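Student: please find the sequence and the predicted model below.
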Amino acid sequence: CCGLLAALSLHITFSLSLSLSLSLSLSLSLSLSLSLAFCSQDIRNTVGNIPMEWYKDYPHIGYDLDGKKIFKPIRNKDELDEFLDKMENPDYWRTIHDKMTGTDVCLSDEQVDLVHRLQQGKFGDVNFNEYEPAIDFFSNEVMIHPVTNRPADKRSFIPSLIEKEKVGKLVHAIKMGWIKPRRPKETAPQYYDLWAKEDPNAILGRHKMHIPAPKMRLPGHEESYNPPPEYLLTDEERQVWEQQDPDERKLSFLPQKYLSLRAVPAFSRFIQERFERCLDLYLCPRQRKMRVNVNPEDLIPKLPRPRDLQPFPTLQSLVYHGHSSLIRSISISPSGQWLVSGSDDCTVRFWEVCTTRCLKTMEVGGPVKSVAWNPAPSISLVAVSYGENVILVNPGLGDRLICSATDQLISSYEEPEEVKDQQVQWAVPEGKAQEQGQRLILTHPKAVKQVSWHGRGDYLACVMPDDGSSLQVVIHQVSRRRTQNPFHRNKGAVQCVSFHPSRPYFLVATQRYVRVYNLIKQELTKKLMANCKWISSMAVHPGGDNVICGSYDCRLAWFDLDLSTKPYKVLRHHKKALRGVAYHKHYPLFASGSDDGTVIVCHGMVYNDLLQNPLIVPVKVLKGHIITHDLGVLDVAFHPTQPWVFSSGADGTVRLFT
Amino acid sequence: MGGLQKKKYESGSATNYISRNKARKKLSLSLADFRRLCILKGIYPHEPKHKKKVNKGSTAQRTFYLLKDIRFLMHEPIVGKFREYKIFVRKLRKAYGKAEWGTAEKLRGNKPGYKLDHIIKERYPTFIDALRDVDDALSMCFLFSTFPRTGKCHVQTIELCRRLSVEWMNYIITLRSLRKVFLSIKGIYYQAEVLGQIITWLVPYQFAHDHPTDVDYRVMATFTELYTTLLGFINFRLYQTLNLVYPPKVTHSQPAVMLHFDLLSDYLTSALLPFLPPRFAEPRWPPVPRPGGLQEDGEKLAERLKARQDQDRQEKLFEGLKFFLNREVPRESLAFVLRCFGAQVSWDKSLCIGSTYDVTDETITHHVVDRPSLEKQYINRYYVQPQWVYDCVNARMLLPVEDYFVGVTLPPHLSPFVEEKEGDYVPPEKLKLLALQKGERPEQEEEEEEEDNDDSEEEEDEDQSDDEDELKGMEEKQALGKASSVKVTPGEAKPVNRQRAEQEAKAEEKRLAVMMMKKRDKYLYDKIMFGKKRSVREANKMSAKRKALDEASKANKKKKLKK
């Protein structure tokens, strides 16, 4: 059974191949031979070699020799009949459908043979011998008779003109160099010892200029096919990596981990990376970049050790609690025993320095802007400014003699005969205020921001900042209860003023400049450029040669008055705006307080030797104040004799650093 | 007074530079030819210091070349060759258009060509210069040798690249100058030391390339043209130093087999068969002249000697070992690496020619396998994963094989090119490796015990802290109860830590000094410190990540144990 099936299948395949080859290659010749074979009927179709599907929709298939229609044979074979025919008919494989007549034709044995022969590329005729022995007509053997008896042409013995022309053309072309001989093949080896004669002189200047391309970066652990787990990206890192621009990525690829070398796939961007390298090599401008190879320790300037510059305050030792709001101003008595502080809670408090005890509290009619203790040791007076008023207070602390002398001094005032009309009213308080110690009340036309005593203790300068106004600074003489307006015109808003400690100078700080006036000559002596945007505070060295200015843009400018009008040094130590600066009376120290809650104490030594540069060294950063409402330290003041510094802050405390 | 008025852009930097388009016009070359010329001659653009001045006041983006470079290009004979070739192509096209086959044939016979020898000589006046720049050439040749032989580039180029790269590998095997190998996800990095030059190249894994569309193969082909020439001359020189004929003649004992392989596999075979004589006994480089006097010599000489000894030991790393490569491992790479360190290598006969012994050989010491399990195993050999070979090479010693057995989770493969500086993150595996190199044996069990101890100690600590908390609470209660009564208690002197105080003082001193820095110095200082801090931060991040991962894995292990 199996054998039969195999034979069948073989049979089918053969018939298929046969019909295919027939339809493809032999359709024309076969149709001819077929028509010859069936000439007894002679139903030759006269339509010619046309696509037969043109007759698809007609009942006929063409016309015979007489011009009559040849009708299609009635075929009602469907697929099944076809298949049954294929299975049952033993001659099916040699049956072909003739499209021209629409009949099925069974090929005879000779015809099948012919097909086979043609398929094998043989001649159709069986009897044709394609390998007949060849007979040379023209051989090297000279025969006695010529093959042809034709006389020779004339052109065979006359030189050819056409040839001559052609040769002439070639000769001309060679002469002109249009035709070149074939180049001889090169026989030299492709590679040889190129550097056999290395000539050091051959190194041109160009090579010295030439910057060799940097080598490719060597891969790190993260590029490994099996990196340590910490080099793999976490999900978040991967997301970040994917969102980043390809140029911004730190790694140009995602680290991957494969369990074995077998699992490692090809790197998809390999060719691109090589190509990018090529582009870098010929398109990138090259530059020698000097890499700074500096030890950061070497950059730090060598300063004298702070320990060698002692004494200076190092520790916070006392805190003065009591005020409920920020303390804008503090001042120390010339003896150094008492401290006065003025706060926004409308009180002025007097403290004993050593015990932090609040000896006296005085309420005034507004937030206290500024307090200043009279620097003269023989007078016990404190100037307090609030609102538009400045009151002079005799605190009644310390030596009773001095207090009574002060009271006497004030009460001994006699009104002059001609009373000048003044811009400031001088009044003597009465009643409770008198008992509290208030001795004089000066009422100004505008709010007073700062008060400042002259060194002798008789003159008092007040600042009423108002941009461009002629009345910004007034100087009071307490003993004569007289007020002067030293300037007819003020340029800019005055921030603070100060008397020169030893000479008749008066320093006025506007927003950007400090002007030094000579009060006797009544002229401008100097104008100091602070190099900052807005001066907040100013202090003069007790020697009188140096001035420091603190500004709201975090700078502290140190001036040498003899040297220049520009700051000798600008220190940017603080992180936030400076609010107060102060000089020590004896020690070469100055301090600055800032909104960042720190007080920085600097050692500022000026030598008598003019050739030696002044030494300005920060020695201590003092911290302690708590920052409230973005305000830290508001005022600083030095103790007159000890190397101690007081600072008042927005947290309502005064702190003493010793 | 006097003198002509100076005009703008007629002197100075404006005349020193030339834009690309102008340069192209000056050389009268097409852009493609100009590009080719720049690649071949190694001319690169320059970034002028004052771009606007050079650009004659315009701020448009332009590429600038040095005028001197372009002048130098003008005398290049190869420019003439380019033109000749252009003319040749035109003539040929014309001949074909007119159907003048004879003319076309004649033209083809005289096809102009050019050589790059003089350019190589000019770019690299000494051999060492050429060696220094061979990294890219090698990477490119190795890449091109893996290209398919259809499309993209000429078959001759591919075959030439293959030949050159195989010759190079043979040289490296012969002199055993391979130093480091790294399996990256991109490919395999090899680092060799040839005549004192460190040369690194990258070989892609053996896969068909997915040819990208955004790559200009003409540029790559031009580079390859240059690189094959360079590498050919270098190979010639290297072989000459070994007294060998170049190009090497392949002699194979089985000519019958050879017939079935084309030139390529012929070379492939030769790569894996050492056709060069084994190592030379003579020193490979002349002894370095001694600089300085005798005092210097003592230490330096000792150092150098030690380095030399280390190197010799590394070169004989696999000597005496017999390897067999299973069919799934990267044969060429492994054979190359193993032969570089003196091992004998073989593989299955049916895989590729060149196998010298069979699996059944009893003297095989290591069998390199990269599959999860193996059915038939021999007792007297180690079955290791391929990473073992590479890790051994990088560690310069034979690592314990236990971690690399078949089916075992491999330890991480570290890059040998990373040299950790102080403060950088060092993965713990590297530390382990360093310890191994020093001769210490890792003892894992003890570690675990210690860890257990740590846990108990921590618990104790917790207990202590609990006690303290209780005490504090009691104190507070007492304080609340006795708030009204004021009492003076004797104060306790706080112990002053002197060292710490000193350190703090020093730190403050430094902080103050930093405040006094000049603005310029401060900027630089801040930059340096920023960089330092960043690196520290990154290192900390890495170690934290590692710690978390380790803990997670430990917890997993414990869970499994409990189950």
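Tutor: That came through, no problem.

Student: what's the pLDDT at residue 17?
Tutor: Picking chain A for this. On pLDDT, residue A:17 comes in at 43.

Student: wrong chain, I was asking about chain B
Tutor: In this model, residue B:17 is scored at 92, pLDDT.

Student: kindly report the same for the one 10 residues further on.
Tutor: Looking at residue B:27, its pLDDT reads 91.

Student: surely it and residue B:35 touch.
Tutor: No: using Cβ atoms under 8 Å, residue B:27 is not in contact with residue B:35; the gap is 11.6 Å. In this view, the C-beta of every residue, glycine as well, is placed from N, C-alpha and C.

Student: what about residue 393, neighbour count?
Tutor: If you meant another chain, say so; for now it's chain A. Using other Cβ atoms under 10 Å in any protein chain shown, residue A:393 is surrounded by 25 other residues.

Student: wrong chain, I was asking about chain B
Tutor: By other Cβ under 10 Å, the residues close to residue B:393 number 23.

Student: what's it in contact with, if anything?
Tutor: With contact set as Cβ atoms under 8 Å, 6 or more residues apart in numbering or on different chains, residue B:393 has these partners: B:178, B:180-181, B:314, B:317, B:337, B:341.

Student: and residue A:641, by the same measure?
Tutor: In this structure, residue A:641 makes contact with A:336, A:585-586, judged by Cβ under 8 Å, 6+ apart.

Student: reformat these as a markdown table; add secondary structure and neighbour count.
Tutor: As requested, these are exported to a markdown table (DSSP: H, G, I helix; E, B strand; the rest coil; neighbours: other Cβ atoms under 10 Å in any protein chain shown):
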| residue | secondary structure | neighbour count |
| --- | --- | --- |
| A:336 | coil | 16 |
| A:585 | coil | 18 |
| A:586 | coil | 12 |
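
Student: quick check, nearest of these to chain B?
Tutor: For the contacts of residue A:641, the closest approach to chain B (Cβ to the nearest Cβ) belongs to residue A:586, at 22.7 Å.

Student: on that earlier part again, can you redo the contacts of residue B:393 as JSON lines with secondary structure and neighbour count?
Tutor: Below are the contacts of residue B:393 laid out as JSON lines (three-state DSSP; neighbours: other Cβ under 10 Å):
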{"residue": "B:178", "secondary structure": "strand", "neighbour count": "21"}
{"residue": "B:180", "secondary structure": "strand", "neighbour count": "19"}
{"residue": "B:181", "secondary structure": "strand", "neighbour count": "22"}
{"residue": "B:314", "secondary structure": "helix", "neighbour count": "17"}
{"residue": "B:317", "secondary structure": "coil", "neighbour count": "20"}
{"residue": "B:337", "secondary structure": "helix", "neighbour count": "24"}
{"residue": "B:341", "secondary structure": "coil", "neighbour count": "20"}
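
Student: so which one among those has the lowest pLDDT?
Tutor: Lowest-confidence member of those: residue B:314, scoring 81 (pLDDT).

Student: how close does the closest residue to it other than its chain neighbours get to residue B:31?
Tutor: Spatial nearest neighbour of residue B:314, excluding adjacent residues (Cβ to Cβ, 6 or more residues apart in numbering or on different chains): residue B:396 at 4.6 Å. Look at residue B:396 and residue B:31: by Cβ to Cβ, to the nearest Å, they are 50 Å apart.

Student: the residue nearest to residue B:314 - how many residues pack around it?
Tutor: By the criterion of other Cβ under 10 Å, residue B:396 has 17 neighbours.

Student: which residues in the stretch 151-300 of chain B form strands?
Tutor: Taking DSSP state E, counting those that start in this stretch as the test, the strands found in the stretch 151-300 of chain B are B:178-183, B:187-194, B:197-204.

Student: low-confidence ranges in the chain?
Tutor: Here I'm looking at chain A. Across chain A, the ranges flagged by pLDDT under 70 are A:1-43, A:202-205, A:419.

Student: wait, I meant chain B there
Tutor: Chain B contains residues with pLDDT under 70 at B:1, B:250-297, B:441-486.

Student: looking at it, which helix is longest?
Tutor: helix B:519-562 (DSSP state H).

Student: what's the offset of it from the middle of its chain?
Tutor: 25 Å (Cα atoms, centre = their mean, to the nearest Å).

Student: also stretch A:220-233?
Tutor: Here stretch A:220-233 is found 27 Å from its chain centre; the criterion is Cα atoms, centre = their mean.

Student: same check on stretch A:181-199?
Tutor: Chain-centre distance of stretch A:181-199: 53 Å, with Cα atoms, centre = their mean.

Student: quick one on the thing from earlier: just list the residues touching the residue nearest to residue B:314, thanks.
Tutor: Residue B:396 neighbours (Cβ under 8 Å, 6+ apart): B:310, B:313-314, B:317, B:437.
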